[in-house]
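# Got a predicted structure plus its sequence, pasted below:
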Amino acid sequence: MVPLRIERPNDDLGATLLLSWPTVITHEIDIYSPLHPHKIQRYQLDGHGLYLREVDGVTGTNDMVCCPICGETFGDYDRLRKHIIHNQNYEAFNTYPIEGTHQSLDLDDFQDPIPPTMQEIQRNFPQEIVCLIEGIDPLLSGTFQALHSYTMSDIAWSGKFSDCVSVTRQQKAKLELHNFHKVEREKYTDS
């Protein structure tokens, strides 16, 4: 069993939920996700047993890619490309030899990972995803667990839950329970 990191609520911050309120929980299928069909690319750092997320590299909390010349690490390929360009200019200006320096690198080798198509994700989908939510009831301080199992047929691909919470003109929250399990389908196109 492999855990899926969740982006919203942020599991780095404890993934706190208000258990009596409807909440959307999001797992991004990035290069480190067990649901992603592609392997980690060259120059991409291996998690070495840690469960990583690409979003942590983008926000600067983790480094995700490594310069093959100097070993400096960066949160994403864009920052690595800027590092290579800067060092190529510096090394050319100071007449460094090309071999073994940043000048020997081709920027085309340092591109963002190719996002998987919907068909690739569906082919790589596990037999089952088990979701466990554990919490303490704020009113009675009782501990409880909710366990749900999802298979491929349970997933609403390219769908999103209808809004079931709205704000009235009097700035009060209104819960519309008839929308609670309603899913709006969006047209998905692989780009």
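Good, I have the coordinates.
# in the chain, which ranges drop under the pLDDT threshold?
For the chain, applying pLDDT under 70 flags the ranges 39-48, 187-191.
# Swap in 50 and give it another go.
For the chain, no stretch is flagged by pLDDT under 50.
# ranges for the helices of it?
Secondary structure of the chain, counting by DSSP state H: helices at 54-59, 77-93, 118-124.
# Would you format these as JSON lines with distance to Ser104 and mean neighbour count included?
Just so you know, the C-beta spots here come from the backbone N, C-alpha and C atoms, and that holds for glycine as well. Shown next, in JSON lines, are these (distance: least, Cβ to Cβ, whole Å; neighbours: other Cβ atoms under 10 Å):
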{"stretch": "helix 54-59", "distance to Ser104": "25", "mean neighbour count": "19"}
{"stretch": "helix 77-93", "distance to Ser104": "9", "mean neighbour count": "16"}
{"stretch": "helix 118-124", "distance to Ser104": "33", "mean neighbour count": "14"}
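# can you put those helices in CSV and add distance to Cys131?
Output for the helices of the chain, formatted as CSV (distance: least, Cβ to Cβ, whole Å):
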stretch, distance to Cys131
helix 54-59, 20
helix 77-93, 32
helix 118-124, 18
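# where does the residue most central in space within the chain fall, phi/psi-wise?
Nearest residue to the geometric centre of the chain (Cα atoms, centre = their mean): Glu28, 3.5 Å. With angles defined as degrees, to the nearest 10, Glu28 sits at phi -90, psi 130.
# Any figure for the gap between the residue of the chain positioned farthest from its centre and Gly159?
For the chain, the largest distance from the centre (Cα atoms, centre = their mean) belongs to Thr95, which lies 41.4 Å off. The gap separating Thr95 from Gly159 is 58 Å, by Cβ to Cβ, to the nearest Å.
# Equivalent analysis for Glu120, please.
Distance, Glu120 to Gly159, by Cβ to Cβ: 19 Å.
# same check, this time on Asp56
Separation of Asp56 from Gly159 (Cβ to Cβ) stands at 27 Å.
# quick one: buried residues of stretch 169-177?
Buried residues in stretch 169-177, counted by 16 or more other Cβ atoms under 10 Å: none are found.
# Please save the CA atoms from that stretch in PDB.
What follows is stretch 169-177, C-alpha atoms only, in PDB (Å, rounded to 0.1, in the frame of the first residue of the first chain):
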ATOM      1  CA  ARG A 169     -27.300  38.200   0.600                       C
ATOM      2  CA  GLN A 170     -27.200  38.500   4.400                       C
ATOM      3  CA  GLN A 171     -23.700  37.000   4.300                       C
ATOM      4  CA  LYS A 172     -24.800  33.800   6.000                       C
ATOM      5  CA  ALA A 173     -23.700  30.300   4.800                       C
ATOM      6  CA  LYS A 174     -26.400  28.200   3.300                       C
ATOM      7  CA  LEU A 175     -26.000  24.400   3.000                       C
ATOM      8  CA  GLU A 176     -27.900  22.900   0.000                       C
ATOM      9  CA  LEU A 177     -28.000  19.200   0.800                       C
END
